[in-house]
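Asks: Give me coordinates for this.
(chains A, B, C and D)
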2 protein chains.
Amino acid sequence: MEHQEETAATYDASRYDRPSVTVDVVIFTLIERELHVLLVQRRHWPYEGCWAIPGGFINMDESLEQAARRELEEETGVRDLYIEQLFTFGDVGRDPRTRVISVAYIAIVRFDAQKLRVSEESHDVRWFPVSAMPRNLAFDHEQILAYAISRLRSKLEYTTLAFQLLPELFSILELKHIYEQILGEKLDKGNFYRKIKEAGLLEETNQMREGRGRPTRLWRFKRDRAGDKQFVFRWREDRGDRA
Amino acid sequence: MEHQEETAATYDASRYDRPSVTVDVVIFTLIERELHVLLVQRRHWPYEGCWAIPGGFINMDESLEQAARRELEEETGVRDLYIEQLFTFGDVGRDPRTRVISVAYIAIVRFDAQKLRVSEESHDVRWFPVSAMPRNLAFDHEQILAYAISRLRSKLEYTTLAFQLLPELFSILELKHIYEQILGEKLDKGNFYRKIKEAGLLEETNQMREGRGRPTRLWRFKRDRAGDKQFVFRWREDRGDRA
DNA sequence: CAAATAGTGTCTATGAGACAGTATACG
DNA sequence: CGTATACTGTCTCATAGACACTATTTG
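Replies: Okay, the predicted model is just below:
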């Protein structure tokens, strides 16, 4: 690469080979107390008929995150969600068409109020429980998905991301249930009540919900501080992963 | 994008506009107990004469991490180091030449045993203390650097990454000094001794080092477990950032 | 001996975990 | 009343933090 006397006027962008760049988005939601991921079934070559993480090529006039949100809405109809960059996958040969670098994102939505839509590109769009994913995903999407799940698990443990999954109003025991799902172990009721209350993240409402036994009080998350989300509540101290 | 009857035979990779993809590597080391970053001074347009994070365009036949290691060695002579992906920067207009997506990496080396080399591309290569970086870095490299430092700080707090910065043999109080540098506060000697010993990461040697007062014992890190590095030791529980 | 640096012992407050006890609903 | 679910109180043990103490060198 020797562009000795190069300037804006003489620079020739087409001189170098360029890979393609895509964004792929792993979208999580909670359906009936279980973590689900959204996949699309491809209509075209390559990997026709395979399930895949939604995504596509970026446009030249949009940022990576804009591209992620656009692709997501085009392909699935999902919008207005929490989104963050996961990792960039760029091994040679991961796409049979050409060299493709994929910037992967993680997104989290509440299941209610999302209407799915099937695009021209796909046969179908569907939520799958993470415990029962289809086999043979397109490209290296199994690897991306596995990494996304592991990252989500560890982030849920030491942030308030879990709260994104809950409806506006919820009981403390519902929240406890989510933590149990994520951590894969039973938690002590009393200790959970104590800790979540001490954290000061919840706001009591005067609404109750009736059930089989004593009715339960409903709570909501405080939105008082600046941003929309805060990462404060950590249930356990020890973790593994960490991106 | 409608490639209805497309197959491997008919696929035309040149049909879509493509951004360029670069890798940039933020390299840290510890020099005289202070954290330093390696920068190169650009010889050519754009940003001629500006200091920049080393990096460059990827080749079509190498993975992203391979590209990072190659660019690093070509531009600076630094090799054989710990490296990990940081984040991918892709805003429109961050490079005046063309649309450029940059996959940024963090690398950590021990200062000893590194010989710097200046490539054709650069006027100069130099270590800068993070507390006294040059102004007006090229491109959006100030942003990348700031993010790298923040990520490094938080990772050092809850991993054993700090150990990569130390020489083979070191005293416990030297290690404590590094933690103090990173955390920006004094730590209790007794508590530090207790905690680092309980962690079981260190191996006693029978070597001592003389100084002004009582000689100090030298230690090394255990390399017993599988990988080369383990992320186990966390000095403090509370953190801020997190990738 | 004093000064300097290295390293150990111990007290206390906090808080996580275990678990028993109380509250309010339905039938 | 019994059973089911919701919620509170309290005991114990581990440990982080504070800090005082001992150890070994030089001058």
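Asks: Please name the residues that touch the residue lying closest to A:R99 once chain neighbours are set aside.
Replies: The shortest distance from A:R99 to any non-neighbouring residue, by Cβ to Cβ, 6 or more residues apart in numbering or on different chains, is to A:P19 (4.0 Å). No exception for glycine: its C-beta is placed from N, CA and C like everyone else's. Residues near A:P19 by Cβ atoms under 8 Å, 6 or more residues apart in numbering or on different chains: A:G90, A:T98, A:R99, A:V100, A:I101, B:R18, B:V21, B:I58, B:M60.
Asks: can you tell me how far A:F87 sits from DNA strand D?
Replies: The spacing between A:F87 and DNA strand D, counted by Cβ to the nearest atom of the strand, to the nearest Å, is 31 Å.
Asks: For that residue, give the beta-bridge partners.
Replies: A:A104 (DSSP bridges).
Asks: what's around A:T160, how many residues?
Replies: Using other Cβ atoms under 10 Å in any protein chain shown, A:T160 has 17 other residues around it.
Asks: Could you find the residue nearest the spatial middle of chain A?
Replies: Residue closest to the average C-alpha location in chain A (Cα atoms, centre = their mean): A:A107, at 2.6 Å.
Asks: Quick check: phi and psi at A:A138.
Replies: Phi and psi for A:A138, reported as degrees, to the nearest 10, are phi -70, psi 160.
Asks: Report how many residues lie close to it.
Replies: For A:A138, the tally of surrounding residues (other Cβ under 10 Å) stands at 19.
Asks: OK, contacts around it?
Replies: By Cβ under 8 Å, 6+ apart, the contact set of A:A138 is A:R42, A:P46, A:Y47, A:C50, A:W51, A:A52.
Asks: Buried residues, the longest strand along chain A. List them.
Replies: If you go by DSSP state E, chain A has its longest strand at strand A:20-31. Within strand A:20-31, the residues that qualify as buried are A:S20, A:V21, A:T22, A:V23, A:D24, A:V25, A:V26, A:I27, A:F28, A:T29, A:L30, counting by 16 or more other Cβ atoms under 10 Å in any protein chain shown.
Asks: Output it as CSV, nothing but the C-alphas.
Replies: Provided in CSV are the C-alpha atoms of strand A:20-31 (Å, rounded to 0.1, in the frame of the first residue of the first chain):
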residue,chain,number,x,y,z
SER,A,20,-19.1,-6.8,2.3
VAL,A,21,-20.4,-5.7,5.7
THR,A,22,-23.7,-6.9,7.2
VAL,A,23,-25.4,-6.3,10.5
ASP,A,24,-27.2,-9.2,12.2
VAL,A,25,-29.4,-8.8,15.2
VAL,A,26,-30.2,-11.4,17.9
ILE,A,27,-33.5,-10.4,19.4
PHE,A,28,-34.6,-11.7,22.7
THR,A,29,-37.9,-11.7,24.4
LEU,A,30,-39.7,-13.4,27.3
ILE,A,31,-42.7,-15.5,26.4
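Asks: Quick one, grab the pLDDT at A:Y179.
Replies: The model reports A:Y179 with a pLDDT of 87.
Asks: start to end distance for stretch A:85-99?
Replies: 21 Å (Cα to Cα, to the nearest Å).
Asks: which ones are touching A:R18?
Replies: Each residue near A:R18 by Cβ under 8 Å, 6+ apart is listed here: B:R18, B:P19, B:S20, B:V21.
Asks: Can you lay out these as TSV showing distance to DNA strand D and pLDDT?
Replies: Formatted as TSV, those follow (distance: Cβ to the nearest atom of the strand, whole Å; pLDDT from 0 to 100):
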residue	distance to DNA strand D	pLDDT
B:R18	51	85
B:P19	46	92
B:S20	47	92
B:V21	43	95
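Asks: Closest one of these to B:P129?
Replies: B:V21 (30.8 Å; Cβ to Cβ).
Asks: which bits of chain A sit near DNA strand C?
Replies: A:188-191, A:194-195, A:210, A:212-215, A:236-237 (Cβ under 7 Å from any atom of the strand).
Asks: Now do the helix or strand harbouring A:D124 and strand A:20-31, the angle between them.
Replies: Taking DSSP states H and E as the criterion, A:D124 maps to strand A:122-129. Interaxial angle of strand A:122-129 relative to strand A:20-31 (axes from the mean of the first three to the mean of the last three Cα atoms, to 10 degrees): 50 degrees.
Asks: Note down every partner strand of strand A:122-129 and its orientation.
Replies: When pairing is defined by DSSP bridges, strand A:122-129 lines up against strand A:34-42 (antiparallel).
Asks: Now do the strand holding A:D124: everything it contacts.
Replies: Residues contacting strand A:122-129 (Cβ under 8 Å, 6+ apart): A:29, A:31, A:34-43, A:49, A:51, A:54, A:75-77, A:111, A:116-119, A:134.
Asks: Buried among the residues you listed? Make that a ChimeraX selection.
Replies: Burial among those is assessed by 16+ other Cβ under 10 Å; the matching ChimeraX selection reads:
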select /A:29,35,36,37,38,39,40,41,42,51,54,75,76,118,119
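Asks: ok so, going back, I'd like to know how far the residue nearest to A:R99 sits from A:G190.
Replies: Distance, A:P19 to A:G190, by Cβ to Cβ, to the nearest Å: 55 Å.
Asks: what's the answer for A:F139, then?
Replies: For A:F139, the distance to A:G190 (Cβ to Cβ) stands at 47 Å.
Asks: Of these two, which one has the most company?
Replies: For the pair A:F139 and A:G190, the greater number of neighbours falls to A:F139 (22 against 8), based on other Cβ under 10 Å.
Asks: pretty sure the more buried one contacts A:R97?
Replies: No - using Cβ atoms under 8 Å, A:F139 is not in contact with A:R97; the gap is 10.2 Å.
Asks: Would you list the phi and psi of the residue of chain A found nearest DNA strand C?
Replies: The nearest approach of chain A to DNA strand C comes at A:G190, 2.6 Å away (Cβ to the nearest atom of the strand). The phi/psi pair for A:G190 (degrees, to the nearest 10) reads phi -60, psi -40.
Asks: Provide the count of other residues in contact range of A:D124.
Replies: 12.
Asks: Where does pLDDT dip in chain A?
Replies: Counting by pLDDT under 70, chain A contains low-confidence residues at A:1-16, A:113-115, A:118-120, A:122, A:224-243.
Asks: Which secondary structure elements does the longest helix seen in chain A sit against?
Replies: In chain A, with assignment by DSSP state H, the single longest helix is helix A:141-158. For helix A:141-158, the elements it packs on are strand A:20-31, strand A:34-42, strand A:82-89, strand A:100-108, helix A:172-183, judged by 3 or more Cβ pairs under 8 Å, 6 or more residues apart in numbering or on different chains; DSSP states H and E.
Asks: interface residues of chain A facing DNA strand D?
Replies: A:171-173, A:189-191, A:193-194, A:197, A:211-217.
Asks: out of those, which are buried?
Replies: Buried subset of those (neighbour count, 16+ other Cβ under 10 Å): A:S171, A:I172, A:T216.
Asks: residues touching the first one, list them.
Replies: Read it as A:S171. Counting by Cβ under 8 Å, 6+ apart, A:S171 touches A:R209, A:T216, A:R217, A:L218, A:W219.
Asks: And for the last one?
Replies: Residues in contact with A:T216, defined by Cβ under 8 Å, 6+ apart, are A:S171, A:I172, A:L173, A:M208, A:R209.
Asks: backbone phi and psi for it, please?
Replies: Dihedral angles of A:T216 (phi, psi; degrees, to the nearest 10) stand at phi -110, psi 150.
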